[in-house]
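Q: okay, predicted coordinates and the sequence, questions at the end:
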Amino acid sequence: MKQNNLLTILIENRLMKTEEQVAQFEQALSEIIDNPNPDEENLCAYHLILDDQCQHPEVMFGLIHFLESFDIEKQITAFIKTVPQLMINPPEWTRIIHNRILNDELACQIYYKLLHSANLNTPHFLYELLEKSIINYEKQAS
């Protein structure tokens, strides 16, 4: 099935209110993951599938793991591009991704560099807040 059709299935079933929706979400995600050519152009769209109203967060974690399977710089770039939207919905998943990045030393360094660059190019108060949170996290860790 085409990647865009699979993306649509993920979006339509992201709340996973029924077993059928869970099965459709899992099947679509599995097909996307099994594709030998990762769909990097939809990385931002994949982030926007996350929803705090999801009834099966353990299934949604499959999407998190899929996002983390991409090149770290590309994944973090997509996260930064979408974070203004993600902070509105889903703030909890946004926090989870943010914390997972902070807990990986290499990812944290890349995250800081990309956030700093994004804030210089397109200033946004969220980028500044996230930069400060990285600095505070690193101070606490030392």
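A: It's in.
Q: so, low pLDDT: which residues of the chain?
A: Low-confidence segments of the chain, defined by pLDDT under 70: 1.
Q: if I look at the most centrally placed residue in the chain, how far off is Glu19?
A: Nearest to the geometric centre of the chain sits His47, at 4.0 Å (Cα atoms, centre = their mean). Noted for His47: a distance of 25 Å to Glu19, by Cβ to Cβ, to the nearest Å. C-beta coordinates here come from the backbone N, C-alpha and C atoms, glycine included.
Q: so Tyr111 makes contact with Ile76?
A: Yes. Tyr111 lies in contact with Ile76 (Cβ atoms under 8 Å); the separation is 5.3 Å.
Q: which neighbours do the two share?
A: Residues touching both Tyr111 and Ile76 (Cβ atoms under 8 Å, 6 or more residues apart in numbering): Ile101.
Q: how many residues are close by Asn103?
A: By the other Cβ atoms under 10 Å criterion, the neighbourhood of Asn103 contains 11 residues.
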